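> Show me how the following folds:
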Amino acid sequence: MKYRHSFHAGNFADVHKHVTLLALLRAMQRKDKGFLYLDTHAGAGRYDLSAPETHRGAEARHGITALTGSSSVADCAEINDYLAAVAALRGEIGDAHLYPGSPWLAAHMLRPQDRGICWEILPAECRALERALGGFRRMRVECADGTDQLRAVLPSRERRCLLLIDPPYENPAAELDLATQTILTSLQRLANCVVMLWYPIKDERTLAPWLARVERAFSAPTLSLELWIYPRDSRVGLNGSGLLLVNPPHQFEQRAALWQQELHALLDKVPHGGSTAQWLVRDADVDHASA
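The predicted model follows:
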C-alpha cells in the first residue's frame with residue numbers, strides 16, 4: 001500500500017514536526033533577504049480529521065486534538081504559534097476539523113521575497129495539494145519525486161534555503177540512507193542550506209546505526225531532536241518522532257529542548273516517553289538561517 005499522509009494527520013509526530021518547522025521558518029525570516037522553501041514529500045496540504053481516510057482523527061487524538069482540548073495553556077511561544085496556525089486554517093475555511101500539512105503551514109508564512117516549491121509524486125495527493133495551495137502565489141506545486149528534482153533548483157538564486165524531507169519510510173533502512181545521500185548532495189550544491197529530515201522512532205536496531213553513520217558522514221552542524229511518548233523498544237507501532245536538523249539556527253537547540261519538554265508533558269499523560277536535543281556534529285556558532 002502506498003503511504004498517504006492523511007492516515008497519520010495531526011498525530012503527535014505531526015505536532016512535533018510542525019512546531020519545529022514553524023520555528024525554523026521564523027528563524028529564516030529574522031533576515032529581510034528572501035529564501036527558498038522546498039518540501040520533497042508534500043502530501044495533500046490539508047486534511048479533514050472527521051473523514052474516513054484519516055480514521056476520523058484517531059491518531060490526532062494523541063496529537064493536535066489533545067493539545068486543543070487541553071485545559072493547560074502552553075508556555076512556549078513556538079507551540080502557541082503552531083496552535084494559531086491551525087486555528088487560522090480552520091477559521092479561513094470555516095471547518096473545525098481541518099488540519100494543515102507542512103506545505104500549507106509554510107505557504108501561510110512566506111513573505112513577498114520568499115518562495116517555495118512542493119513536490120508530491122502521487123497524482124491524487126498532488127491534485128489535492130494544488131487545491132489546498134491555490135491561493136498562495138509564492139508556492140509552486142509539482143507532481144514529481146522531490147528527491148529527484150533537488151538538483152534542478154539548488155543552488156537557489158536566493159542563496160538561502162530551507163529543505164524539508166519527510167519520506168514515507170515504507171522501507172525505513174533504505175530510505176534513511178537515501179535521505180542521508182540527498183542531504184549530502186544538497187549541501188554540496190548549497191553549503192548553508194538548512195535541512196530538516198523527519199524520521200520515525202520505531203526500531204533502535206535500524207535507527208542507532210544510521211545516526212552513527214550520519215555522525216561520521218556529515219561535517220555541517222547537525223542536531224537530532226527526538227520526542228517519544230511510548231517506550232522506545234516497543235514494537236507495536238510508532239513510538240516517537242525524530243528530526244535531523246542540518247545547519248540549524250544559532251541556539252536553536254536551546255529553544256527546541258524547552259518546547260519538546262512541554263510537548264512531552266502535554267501529550268504523554270502516562271508518562272512512558274521523553275525528549276532529547278543532541279548534537280551529532282557540533283555547531284560552529286554560525287546562524288545559518290540568517291546567512
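> Enumerate every residue touching residue 162.
24-25, 28, 35-38, 193-196, 289 (CB atoms under 8 Å, 6 or more residues apart in numbering). C-betas here are computed from N, CA, C, even on glycine.
> Counting neighbours, what do you get for residue 177?
13 (other CB atoms under 10 Å).
> Am I right that it is in a helix?
Yes. The assignment for residue 177 by DSSP: H, G, I helix; E, B strand; the rest coil puts it in a helix.
> pretty sure it contacts residue 210?
Yes. In this structure, residue 177 is within contact of residue 210 by CB atoms under 8 Å, at 7.4 Å.
> Need the three-state assignment for residue 73.
Assigned by three-state DSSP, the conformation of residue 73 is coil.
> Identify the residues contacting stretch 134-144?
37, 42, 103, 106-108, 110-112, 114-121, 123, 126, 129-130, 133, 149.
> Buried residues in that stretch, which are they?
136, 138-139, 141-142 (16 or more other CB atoms under 10 Å).
> could I get those residues as a markdown table with pLDDT, distance to residue 82 and secondary structure?
Shown next, in a markdown table, are the buried residues of stretch 134-144 (pLDDT from 0 to 100; distance: CB to CB, whole Å; DSSP: H, G, I helix; E, B strand; the rest coil):
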| residue | pLDDT | distance to residue 82 | secondary structure |
| --- | --- | --- | --- |
| 136 | 95 | 18 | coil |
| 138 | 96 | 20 | coil |
| 139 | 98 | 19 | strand |
| 141 | 98 | 23 | strand |
| 142 | 97 | 26 | strand |
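> neighbours of residue 209, just the number please.
12.
> Hmm, residue 76 is touching residue 258, no?
Yes. The pair residue 76 / residue 258 is scored as a contact, 5.7 Å apart, by CB under 8 Å.
> I'd like the buried residues of stretch 134-144 laid out as TSV, including distance to residue 278.
Conversion of the buried residues of stretch 134-144 to TSV gives the following (distance: CB to CB, whole Å):
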residue	distance to residue 278
136	35
138	34
139	32
141	35
142	34
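> Pick out whichever of those residues sits closest to residue 219.
Among those, residue 142 lies closest to residue 219 (CB to CB), at 30.5 Å.
> if I look at the closest one, how far off is residue 165?
Per CB to CB, to the nearest Å, residue 142 is found 16 Å from residue 165.
> Skipping its backbone neighbours, what lies nearest residue 21 in space?
Among residues not flanking residue 21 along the chain, residue 102 sits closest, at 5.7 Å (CB to CB, 6 or more residues apart in numbering).
> where does that neighbour fall, phi/psi-wise?
phi -60, psi -40 (degrees, to the nearest 10).
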